[in-house]
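Chemist: Return atomic coordinates for the entry below.
(2 chains)
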Protein chains: 2
Amino acid sequence: MLKGKKQIMKARVTVSLKIDVLDPQGKAILNALNNLTFNNVRSVRQGKIFDIILNENDIKAAKEQLEAICEKLLVNTVIENYHIEFLS
Amino acid sequence: MLKGKKQIMKARVTVSLKIDVLDPQGKAILNALNNLTFNNVRSVRQGKIFDIILNENDIKAAKEQLEAICEKLLVNTVIENYHIEFLS
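Modeler: You can find the predicted model right below:
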């Protein structure tokens, strides 16, 4: 591959609340479901995904960059966990 | 297994905008990243996940129920796609 010509990488970042953190939005959905006759639903917790496309050849460099992106912008690490996976 | 005693199933519902639908929130994140020196990021699209625990023995019944939950409450099927996966 030519130097300077970078490949496209697709990644999915999944952000979810830490297990101890209350999720009022999930609780509201749970109540709504129980009222809608879905009585066997026990728990709902909501999270976010970010599908990110970036130009990078090296998967290790891409992972480091995505970690930096998560820590700086996407994730509140006090209350949230994140997980990075590459889709291609 | 005793009748009436139902197993716990964990599922993750992933909701993402259809490919043709504009994602202003994702675009805002992309601009922020490009300003934060992450210049090789090409696209960001945001979506949602719902981690749902329900009492059900039959995986087919659970899937049908989750589909009904998605169609009735969680997903705007005009602009969003959803995907159901079982975690255990």
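Chemist: which ones are touching the closest residue to A:A32 other than its chain neighbours?
Modeler: Distances taken as CB to CB, 6 or more residues apart in numbering or on different chains put B:L73 closest to A:A32, at 6.1 Å, once the chain neighbours are dropped. Every C-beta, even on glycine, is put in place using the N, C-alpha and C of the backbone. Contacts for B:L73 were tallied using CB atoms under 8 Å, 6 or more residues apart in numbering or on different chains; they are A:29, A:32-33, A:36.
Chemist: ChimeraX command for the buried members of those residues?
Modeler: Remark: buried members of these, expressed as a ChimeraX selection using 16 or more other CB atoms under 10 Å in any protein chain shown:
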select /A:29,32,33
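Chemist: would CSV of the contacts of B:L73 with pLDDT, distance to B:F50 and secondary structure be doable?
Modeler: What follows is the contacts of B:L73, written out as CSV (pLDDT from 0 to 100; distance: CB to CB, whole Å; DSSP: H, G, I helix; E, B strand; the rest coil):
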residue, pLDDT, distance to B:F50, secondary structure
A:I29, 97, 7, helix
A:A32, 96, 12, helix
A:L33, 96, 10, helix
A:L36, 93, 14, coil
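Chemist: which two of the contacts of B:L73 lie the greatest distance from each other?
Modeler: Maximum pairwise distance in the contacts of B:L73, criterion CB to CB, is 10.2 Å, between A:I29 and A:L36.
Chemist: elements contacting the helix or strand hosting A:L66?
Modeler: Element membership for A:L66 (DSSP states H and E) is helix A:59-69. When contacts are defined as 3 or more CB pairs under 8 Å, 6 or more residues apart in numbering or on different chains; DSSP states H and E, helix A:59-69 packs onto strand A:8-17, strand A:41-55, strand A:80-86.
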